[in-house]
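K.L.:
got a sequence here, can you build the structure:
(2 chains)
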Amino acid sequence: MKLPSALVFTVLLAVGFLHCAAEPMELSVLHSLGSSAPSLRGSIVYDPASLKRSANKYVAGSATAGSVVSAGANTDPREMYRVYVEGDGVKLTAAVPLCMLEASEYQEQITLHLDSNGVPWHLDYLVGATSCEKPAKPLGRTPKTLVFIERALAGTRPKLEQMVETTVDGKPEPEKSFIQKYWFYIVPAVLILLLQSGGEEPAKK
Amino acid sequence: MSAGPSRPTLGFLLAAVLLLLVSSASAFIHADQAGLNDWHKTLVGTPRFAFYTRPARKGQLIVGTERNVLASLNTKTGDIVWRQVLEPFDELKALKLDGPALTSISGTTALHTRQWDAPSGSLVWDYEHPVAMHSLSAAADIARVNEDVIALVNGNTITRLAGEDGSVSWTVTSDSGATYERLYVFEDAIYAIGAREASSALEICVLKVDLKDGKIVSEYQPPNGHVHSLTGVYLYGDQTTANVLWNGVDRAYRHALGQTAETDELDELFGLKDPRIHSVLDYQETSLIVVGSENKYSVRTIKSSLHTFSGEQASSVFSSASVSGQVYISCVRSGETEADIELVSLSHNDSPQSVFTASLPLDRNVSGEIVKTALDVIPTPGDKSQASGGPPPVFRVFAVTADGSTRLFKSGEVIWSREESLTAATTAEYVDLPEKSMLSQEHDELDELPEETASHSGMERYLRRLRTHLAKSAHYPQHLLKTIQSFTDSKTDSKARSDLFADFFGVRKLVVFASKTGKVVALDTENGQTVWERYFPKSHFEQIETVRAALVRFPPILTLISRNKHSVDVKRINALTGSDISAESFHDIRKVIKLPVEETEDRTHVLALVGNDQKLYFSPSTPSALEAFATIAPQFHLYLTEGIGASEIEGFSVESSNAGNQSFSLKSTWKLTFPVGETIAALGTPSPGDEKVASLGRVLGNRSVLYKYLNPNLLALATIKTTGGVPGAPDFTSTVFVYLLDTVTGTVHYRSEHEGAGDVWPGVPSVFVEQRDNWAVLSYWNHGPEAVPQPELPASTGAENNADGGEALPSRKKLVRKKKRKAGSVGGAAAGEQSLTPIATPDAKGYEIVALEFYESSKPDQRTDSETFSSFHSKRPHVLSQTYAFAKRISAIGATVTRAGITTREILLGLADGHLYGVSKRLLDPRRPIAAPTADEKEEMLYPYRPALDFNPKAVASYDLHVAGIQHVRAVPTKMESTSLVVAFGLDVFCGRRSPSKTFDLLSESFNYMALLATIAACVMGIWFSKRLSERKKVKDLWR
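P.N.:
Numbers count the residues shown, from 1 in each chain, chains lettered A, B, ... in the order given. Model prediction:
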């Protein structure tokens, strides 16, 4: 009785995992400017079990990042543009100054940090600009939102040297004798010596 | 014609001689240099237990301290005869001296009863009590019966151990729920006195155990046994009775042990009004009770009063000693500038009499009042004839003061003192001494505001300058003489100086320690001597900030920050004298931050105090401080965390409101809650602005440059996540996570997990982080693969921490491509391998040190294409990492600091076995090649990777000294680029110099100045002589 129940459990677990792994997660993205109430902007689709970058993407909704700005016209350019990622028990937020978002021509980078269970625990929201000053000549970049998923890296460890088994029984090979080790040098040398010694002595004057 | 070529030849010779002389300098010290540039203070801590013994007429003082040290002190000099330093987690709970046998009970996670040989300090036996871990916080007590040891541990267990070898005779455990703390042996029974929780107070419990077989005879609560705490419970015995006395909730009582239902009120028994027991002094077979009533103290037995001390009862401390049948009791009363001592002699036959009264020198502002004394009376030939007017006995009083320091008084004088308060130091700060010339008139004008200078006429300014130079020239002959003297005698004792001015090399500074006992001590870094000391009652210092360095005409100012229950006190003192300047008190303060701005009135740095109400307060609380902060407020960000053990960290910006008075409040910008189970184990510090980085990049073997990621807002920290019980338990797992955070945005730039890593044992911190420039070093203990948590998700593959800001999670194809390109990308071996394959936890328990370095890009010669740096930019650092195993237990970590940051850094490790150990940053380099080094790597002089950092005895900064209990390591630059001044403290204090790249800018001690002078003189003579010859030749040639 025990074996079948364990088997059923394992199968269920595997199916459950596959289901989970196969199904990408979707979280909604909201945004706000300053202290205004957040409004829906789009969603993030990501696959916690996938390594593919294409598995994570931002799906734009009806509103764009710029829509908040136009809604709150004449706002302080140093006001913080705040992004929220919500859904599935997750509520994360991060912000950048609005002027930097504008200076970057809406080049955004959203990074979701996943814990060991694959659940997002932290959000990074960064932009492709280093200051509020807009470039003298606009680069004309199209707004782009990149989504990244980060997990904890495996930290480096001391690379300890492992003992290597060289023979079948695990014992080191017995030490070879001098002749065994260097016969390929000795034999040609001896041969050369032997062949050279065959020469006749020069005739006596 | 001949003089021309002779000059370069001689110059070259001179340079060669100089080079030869200079090259003899070395980084490692020679045996004769030990103690020349360093000093070491061996300390024991503030005594909790102190005993005098007098084996064979030679006095010995044995102490057991708050720092878990057992030591024997030489009563004549105060030097340590022997010292046994127990582990920080091996808390000393009880100590008893009985003849030559010293018995101790200690431990927090495992309880040990140990017997030591008092004359030598050697361990005789050690017994570990088999008790459950959860109840180990209870106090312990020791009693001795014949040779055997009776140990009360765990609050409920009494064990009889054979005095010879520590073998167990019997063990008994009471399961009544009461917690016992005291033992008393009377007749054939052992009495344990304790208490159990009653409705509003504690109720005294008595446990009677048979001495022979350990059977519980009875367990009961005497009537009226309600007390606030067990500290007010005393045991008293004489030949006929054993009693427990206590200061009850309203009155004091006596209960004769064994008489279950009897309790007497002390006011009736003693015939005193409202008596309160002060202490019970041991006196061979009989005890003596010190009882206070109506502001007077009296000494008595249960039956009769023996002596009443005169004077007020406030802050009196008593101790007793007996010599040849006579008992002496000392009563010490602390005043403002001195302490009064009264010595009373009691004997069986004669009536008690006061034999000695004196005033002891004791400044309350320096050490606080006396809180504990131990009396020793030296037998003198005239001792017996004293009653008939013979000479007074010679007595010694060992006194512990409120600041934690100790001193010994003999016949009214201080014989020696020990600055044990340094063992309670929580922080230390270096103070640069003022330059002598800075205080001269010459610089007075530099200190003027430009408008003030402009108000003087040119002539007036010229005359003033002339006066300054004349005044200085008067000192010149003296200065010249000193300089010549220092050349001829290289070992001139510069340490005996009493003036507080900086020396030429900048190695003389003050190091100011502030302790949790309220003591502040300034030591001279050259010789370790105390320059000044102060005691601030009811202060618990946790931070010191230098708010003003030594400036022209202004003394340096230190701010001491003390945290009390509800308030934070900010005290400003003169760093050269310790005198008060000002004091402020703030309520509900969470954190104190030194701001990078100065107020204009006193030119001191402003301190910002973050209140629990999310508001900013400033010290000094003046309008000018507020104005100074207002200039930086828009860019000001700060982060707050409760520190080690916290699971959150939060970032704030500042909002100003101009309604009425200008005020500033915090606005949360980000909050980071670590994943479930993770708590902060160690915090680095973002690079301070005043620390210099000599080079922006690292030049590689092929002359390309790897640019450093120098983000002033980058914070390195480590968190720990453990499950299960203690290390070794089957379900125990432990993981250390390393984070790199940007404190402005809350961005997590790097997160790595080290599975199986953690603290070596609960209560023994092993995770330390040191963060400087563009690197961080982390240490932890590796518990091995058995402490690795089981994965909840299969194959948790790490993402490449990427530099290009482009991608965070590369595809497998790309990873393979990257691997192939390894030769092109620098440090690829370390970072690439870190992310590609799951890394196995080494099956070798031990300390590991992780070296992390952050660069702007993985590829050389690539930088962020911008003039400004922004924390909001999507560019992330490229992190290189390598880990090394280290064989020694680490207790503290620090790093050397040099003036211009050119010298290679040295990581300073405080080792648990009593060493301050330096590891060159070149060894803790994540770019050490794992495979055979390439030509470029050889050119760069990288050491090939080795998994273990060897212990190099030559790199021990404290050479053969045993510097016990290092908990903090602080370094400061000197005026020499090669040299950094280092102080390590915790229990002992060690101060020395470190030159990680050897003393390239300093001549060796054995440098022959006379030879140099002689060479120069010979050169000058040679030049002069050849010039004469050449001139003569020229003249001759012209006449020809």
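K.L.:
number of nearby residues for B:Val249?
P.N.:
A count of nearby residues for B:Val249, using other CB atoms under 10 Å in any protein chain shown, gives 14. In short, each C-beta sits where N, CA and C put it, glycine included.
K.L.:
got a list of what it touches?
P.N.:
Going by CB atoms under 8 Å, 6 or more residues apart in numbering or on different chains, B:Val249 touches B:Ala201, B:His226, B:Val227, B:His228.
K.L.:
burial of the residue nearest to the last one when sequence neighbours are not counted, as a residue count?
P.N.:
What it means is B:His228. Residue nearest to B:His228 in three dimensions, not counting chain neighbours: B:Ala201, with 5.8 Å by CB to CB, 6 or more residues apart in numbering or on different chains. Burial of B:Ala201 is recorded as 15 neighbouring residues (other CB under 10 Å).
K.L.:
on that earlier part again, out of the contacts of B:Val249, name the ones that lie in strands.
P.N.:
Mapping these onto strands (DSSP state E) picks out B:His226, B:Val227.
K.L.:
from the contacts of B:Val249, which is closest to B:Leu700?
P.N.:
B:His228 (70.0 Å; CB to CB).
K.L.:
distance from the longest helix anywhere in chain B to the middle of the chain?
P.N.:
Scanning chain B for the longest helix, with DSSP state H as the assignment, gives helix B:1009-1039. Mean C-alpha position of helix B:1009-1039 versus that of the full chain (CA atoms, centre = their mean, to the nearest Å) differs by 61 Å.
K.L.:
for that helix, packing partners?
P.N.:
helix B:3-22, helix B:476-488 (3 or more CB pairs under 8 Å, 6 or more residues apart in numbering or on different chains; DSSP states H and E).
K.L.:
what ranges do the strands span in chain A?
P.N.:
A:25-33, A:39-46, A:57-60, A:80-87, A:90-97, A:107-114, A:120-127, A:144-150, A:153-154.
K.L.:
among the ones you listed, show the one with the smallest mean pLDDT.
P.N.:
When these are compared by mean pLDDT, strand A:57-60 comes last with a mean of 85.
K.L.:
could you find the closest non-adjacent residue to the residue nearest the centre of chain A?
P.N.:
By CA atoms, centre = their mean, chain A has its centre lying nearest to A:Glu150, at 6.4 Å. Spatially, and ignoring its direct neighbours in sequence, A:Glu150 is nearest to A:His113 (4.9 Å; CB to CB, 6+ apart).
K.L.:
quick one: contacts for the one you found?
P.N.:
Here A:His113 is in contact with A:Pro120, A:Trp121, A:His122, A:Leu123, A:Asp124, A:Glu150, A:Arg151, B:Val748, B:Arg751 (criterion: CB under 8 Å, 6+ apart).
K.L.:
now do 10 Å
P.N.:
For A:His113, the contacting residues are A:92, A:119-124, A:148-152, B:672, B:675, B:747-748, B:751, B:799, B:808, by CB atoms under 10 Å, 6 or more residues apart in numbering or on different chains.
K.L.:
again, but for A:Met100
P.N.:
A:Met100 neighbours (CB under 10 Å, 6+ apart): A:77-78, A:80-81, A:126-133, B:870, B:872-873.
K.L.:
now with 8 Å?
P.N.:
Contacts of A:Met100 were listed using CB under 8 Å, 6+ apart, and they are A:Val127, A:Ala129, A:Ser131, A:Cys132, B:Ser870, B:Phe872.
K.L.:
strands of the stretch 201-350 of chain B, start to end?
P.N.:
B:202-210, B:216-220, B:226-227, B:233-237, B:242-247, B:252-256, B:264-265, B:276-283, B:286-293, B:296-300, B:305-309, B:316-323, B:326-334, B:338-346 (DSSP state E, counting those that start in this stretch).
K.L.:
out of those strands, flag the one nearest chain A.
P.N.:
Chain A lies closest, by CB to the nearest CB, to one member of those: strand B:202-210, at 45.4 Å.
K.L.:
enumerate the positions of the closest one that are buried.
P.N.:
Within strand B:202-210, the residues scored as buried using 16 or more other CB atoms under 10 Å in any protein chain shown are B:Leu202, B:Glu203, B:Ile204, B:Cys205, B:Val206, B:Leu207, B:Lys208, B:Val209.
K.L.:
can you tell me who the residue of the stretch 301-450 of chain B found nearest chain A pairs with across the strands?
P.N.:
The nearest approach of the stretch 301-450 of chain B to chain A comes at B:Thr427, 30.6 Å away (CB to the nearest CB). Bridge pairing for B:Thr427 (DSSP bridges) gives the partners B:Ala514.
K.L.:
per-residue pLDDT, it?
P.N.:
At B:Thr427, pLDDT is 95.
K.L.:
ok, it to B:His968 distance?
P.N.:
8 Å (CB to CB, to the nearest Å).
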